[in-house]
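Enquirer: Pasting the sequence and the predicted model now:
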Amino acid sequence: MPPLPMTNGKKQILIVDDEPMICESLARLAQQEGIVPLVAYDGESALKKIRLESPDVLLVDFKLPDMDGLEVLRRAKALDEDLPVVIITAFAQVHGAVEAMRASAHDYLAKPFQHHEVINVMHRALAERSIKLKLKELSSLAHRYANLLETMGPSDAIGRLTTDVNRVAKSNFSVVITGETGTGKELVAQTIHQASLRAKAPFIPVDCGAIPETLLEGELFGHEKGAFTGAVHQHAGKFELAKGGTLFLDEIANLPLGSQAKLLRVLQEKLVCRVGGAKPVEVDVRVLVASNKDLEAAATSGSFRRDLFFRLNEFAIRVPPLRERPEDIMYLAKRFLDITSQELGKQVRGFSPPVVHLLLTFPWPGNVRQLRSTVRRAVLLADEVVMEKHMDIKGVNGFGMKAAFPPAGAPSDPPAASLVLPVSMAASLEAQEVPIQNLSLKEIVSSRTVVIERQVLCQVLHKAAGNKAQAARLLHIDYKTIQSKIRKYGITSNERESYDEKEQGQRPA
């Protein structure tokens, strides 16, 4: 038997036959084709090798000393459902080979076989394996993509963010994730980890702003027993706990400069030295960091180490604030409403039209976290529909909902706090005031566009008696587009009815 080489990333074939000469012949053919051969002489040994070696193809004789090839096939598929199995059979056992094919064997070889037949079968099996694994990877990628869109919203901005996440996930790059408080930076970090090759290892989050400076290094790097007063046991740090996985350092801009220097050394040397210890410990982790501040600007000003910034910033992802993606607001609000209704055992169906307007035009300084808290509280107070009286929206300066959204024509205080944007559409669409708290002209116009588009959809769907196909024809858009927009804006039949009743009540007799 020729010596078995190291795999070095090559494909492996497991040959199972109780005749050593056949195993040797097939092993030589595999080696000539650049395939690494593994050999077993009975079924139990073969199953053990499958568990330990994860071969790419199983070539198994129909008759073995301890079990037949069909039993090996069934048990092998239970270990690896995508493993192609080729049955070796004598001519007299062709009926058994047919039975094997029915039991999900990839192919069979009838003894005596020609070398070219064996080679063709091996390559076909490897190709099948490759295709199945690729399809599974694509399916998993699509699932992760859909999951992030479902969690964060269907806007183009989140679509681009998801593309970036999928692009960097399989690498071992360090990633800097920036975004305002409440935008979902940790969710992005978790998704990167789950889509990475480290997904089966731990994901360890650390809030750098929540740990006192005197304890921070012990938390990150660990400490030895007796290193300081109260250190009664050896303590493994977060780097050690994240072994083989991902360490997520949230709000890293809060890390003191001295700790930044030590972090940089750990990242460069992949070694940590516990507080009070002398022997370095090897660590294998991927580091993701997040900040609600501009780290590059902090590095330029000197409040953050430039060398650490350049080491961490192998790839950057910015999570946009909610005010930059108003098309996600109603989608998320409806999602939070449904989740909270189910949690509380209530039947809250949706939001009244005035509440929809409030949700779409408020600047959401606390982003998705603030939206979630606001909707959850409103659902707790509501019976069937969330009304204005159930809403309690607070801004960064403590202004409430009434201050942020005064009635049309009411004086504002201070005068610069809001901007009237007249809307010339239909009699039912009156001029409304929009807050300009930290909003650009583009963001203000975008928020108003969302409000108008949603109102138009409600009106046209009402005129079409809820018939989406007819409404799509009236709006000169395709059916798929109107379905997508109804889902994006969380428009329900009950909400359309309440909207139109309100509009009819405002029309002069």
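Expert: That came in fine, so what should we check first? Residues are numbered from 1 along each chain as shown.
Enquirer: and residue 87, that's in a strand?
Expert: Yes: assessed by DSSP: H, G, I helix; E, B strand; the rest coil, residue 87 belongs to a strand.
Enquirer: Show me where the chain dips below the pLDDT cut-off.
Expert: Across the chain, residues meeting the criterion (pLDDT under 70) sit at 1-9, 91-104, 135-146, 226-232, 394-448, 493-509.
Enquirer: Now do the same contact list for the residue nearest to the spatial centre of the chain.
Expert: Residue closest to the average C-alpha location in the chain (Cα atoms, centre = their mean): residue 191, at 3.3 Å. By Cβ atoms under 8 Å, 6 or more residues apart in numbering, the contact set of residue 191 is 144, 147-148, 165, 169. C-beta coordinates here come from the backbone N, C-alpha and C atoms, glycine included.
Enquirer: 10 Å instead?
Expert: Residues near residue 191 by Cβ atoms under 10 Å, 6 or more residues apart in numbering: 144-145, 147-148, 151-152, 161-162, 165-166, 169, 184.
Enquirer: same deal with residue 160?
Expert: 317-318, 320 are the contacts of residue 160 under Cβ under 10 Å, 6+ apart.
Enquirer: now the helices for the stretch 301-450 of the chain?
Expert: 306-312, 329-344, 353-361, 367-381, 401-404, 441-463 (DSSP state H, counting those that start in this stretch).
Enquirer: and this structure, what are its domains?
Expert: 12-134, 153-320, 324-506 (automatic domain parsing).
Enquirer: Redo the contacts of residue 191 as a markdown table? Include secondary structure and distance to residue 474.
Expert: Formatted as a markdown table, the contacts of residue 191 follow (DSSP: H, G, I helix; E, B strand; the rest coil; distance: Cβ to Cβ, whole Å):
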| residue | secondary structure | distance to residue 474 |
| --- | --- | --- |
| 144 | helix | 37 |
| 145 | helix | 33 |
| 147 | helix | 34 |
| 148 | helix | 34 |
| 151 | helix | 33 |
| 152 | helix | 32 |
| 161 | helix | 34 |
| 162 | helix | 33 |
| 165 | helix | 38 |
| 166 | helix | 38 |
| 169 | helix | 43 |
| 184 | coil | 37 |
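Enquirer: Of these, which is the nearest to residue 89?
Expert: residue 144 (42.1 Å; Cβ to Cβ).
Enquirer: Hmm, residue 166 is touching residue 194, no?
Expert: No: between residue 166 and residue 194 there is no contact under Cβ atoms under 10 Å: 11.2 Å.
Enquirer: wait, doesn't residue 456 sit right on residue 482?
Expert: No: in this structure, residue 456 is not within contact of residue 482 by Cβ under 10 Å, at 11.1 Å.
Enquirer: the more surrounded of these two?
Expert: Each of residue 456 and residue 482 has its neighbours counted (other Cβ atoms under 10 Å); residue 482 has more, 23 against 15.
Enquirer: ok, and residue 288, which helix or strand is that part of?
Expert: strand 286-291 (DSSP states H and E).
Enquirer: Export that strand to CSV, keeping only CA atoms.
Expert: Coordinates of the C-alpha atoms in strand 286-291 are reproduced here as CSV (Å, rounded to 0.1, in the frame of the first residue of the first chain):
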residue,chain,number,x,y,z
ARG,A,286,-11.3,37.7,15.3
VAL,A,287,-11.9,41.2,16.6
LEU,A,288,-14.9,43.3,15.6
VAL,A,289,-15.3,46.8,17.2
ALA,A,290,-18.1,49.3,17.3
SER,A,291,-18.3,53.0,18.1
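Enquirer: Neighbouring strands - and their directions - for that strand?
Expert: Using DSSP bridges, the strands paired with strand 286-291 are strand 175-178 (parallel), strand 246-250 (parallel).
Enquirer: still on that earlier bit, relative to residue 158, how far out is the residue nearest to the centre of the chain?
Expert: Applying Cβ to Cβ, to the nearest Å, the value for residue 191 to residue 158 is 11 Å.
Enquirer: Find residues that contact each of those two.
Expert: With Cβ under 10 Å, 6+ apart as the test, residue 191 and residue 158 both reach 148, 151-152, 184.
Enquirer: Put the buried members of these into a ChimeraX selection.
Expert: With 16 or more other Cβ atoms under 10 Å as the criterion, this ChimeraX line picks the buried residues out of these:
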select :148,151,152,184
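Enquirer: need the shared contacts of residue 191 and residue 158 in TSV with distance to residue 220, can you?
Expert: Shown next, in TSV, are the shared contacts of residue 191 and residue 158 (distance: Cβ to Cβ, whole Å):
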residue	distance to residue 220
148	28
151	29
152	29
184	24
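Enquirer: For stretch 188-203, measure first residue to last.
Expert: Using Cα to Cα, to the nearest Å, the end-to-end distance of stretch 188-203 comes to 12 Å.
Enquirer: any idea how far it is from the chain center?
Expert: Put simply, stretch 188-203 sits 9 Å off its chain's centre (Cα atoms, centre = their mean, to the nearest Å).
Enquirer: same deal with stretch 244-257?
Expert: 20 Å.
Enquirer: Then stretch 112-129?
Expert: 39 Å.
Enquirer: That stretch: which residues count as buried?
Expert: By neighbour count on 16+ other Cβ under 10 Å, the buried set for stretch 112-129 is 113, 118, 121-122, 125-126, 128-129.
Enquirer: ok, residues contacting stretch 264-275?
Expert: Stretch 264-275 has contacts (Cβ under 10 Å, 6+ apart) with 174, 215, 217-225, 227-228, 231, 234-240, 247, 262-263, 279-285, 287, 305, 307-312.
Enquirer: A PyMOL selection for those, restricted to the buried ones, would help me check which they are.
Expert: To isolate in PyMOL the members of the contacts of stretch 264-275 that are buried, counting by 16+ other Cβ under 10 Å, one can use:
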select buried, resi 174+217+218+219+220+221+222+223+224+227+235+237+238+239+240+247+262+263+281+283+285+287+305+308+309+312
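Enquirer: Centre of the chain to stretch 53-66, how far?
Expert: The answer for stretch 53-66 is 38 Å, by Cα atoms, centre = their mean.
Enquirer: What is the end-to-end distance of that stretch?
Expert: Span of stretch 53-66 from end to end, Cα to Cα: 21 Å.
Enquirer: if we can go back for a sec, turn the contacts of residue 160 into a markdown table, including neighbour count.
Expert: Putting those into a markdown table (neighbours: other Cβ atoms under 10 Å) gives the following:
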| residue | neighbour count |
| --- | --- |
| 317 | 21 |
| 318 | 16 |
| 320 | 18 |
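Enquirer: now, which of these sits nearest residue 255?
Expert: Nearest member of the contacts of residue 160 to residue 255, counting by Cβ to Cβ, is residue 317, at 19.4 Å.
Enquirer: Report the separation between the closest one and residue 329.
Expert: 21 Å.
Enquirer: With residue 219 instead?
Expert: For residue 219 relative to residue 329 (Cβ to Cβ), the value is 37 Å.
Enquirer: what's the answer for residue 373, then?
Expert: 14 Å.
Enquirer: More neighbours: those two, which one.
Expert: residue 329 (26 against 16).
Enquirer: got the contact list for that one?
Expert: For residue 329, the contacting residues are 153, 155, 322-323, 356, 359-362, 364, 368, 371, 447, 450, 488-490, by Cβ under 10 Å, 6+ apart.
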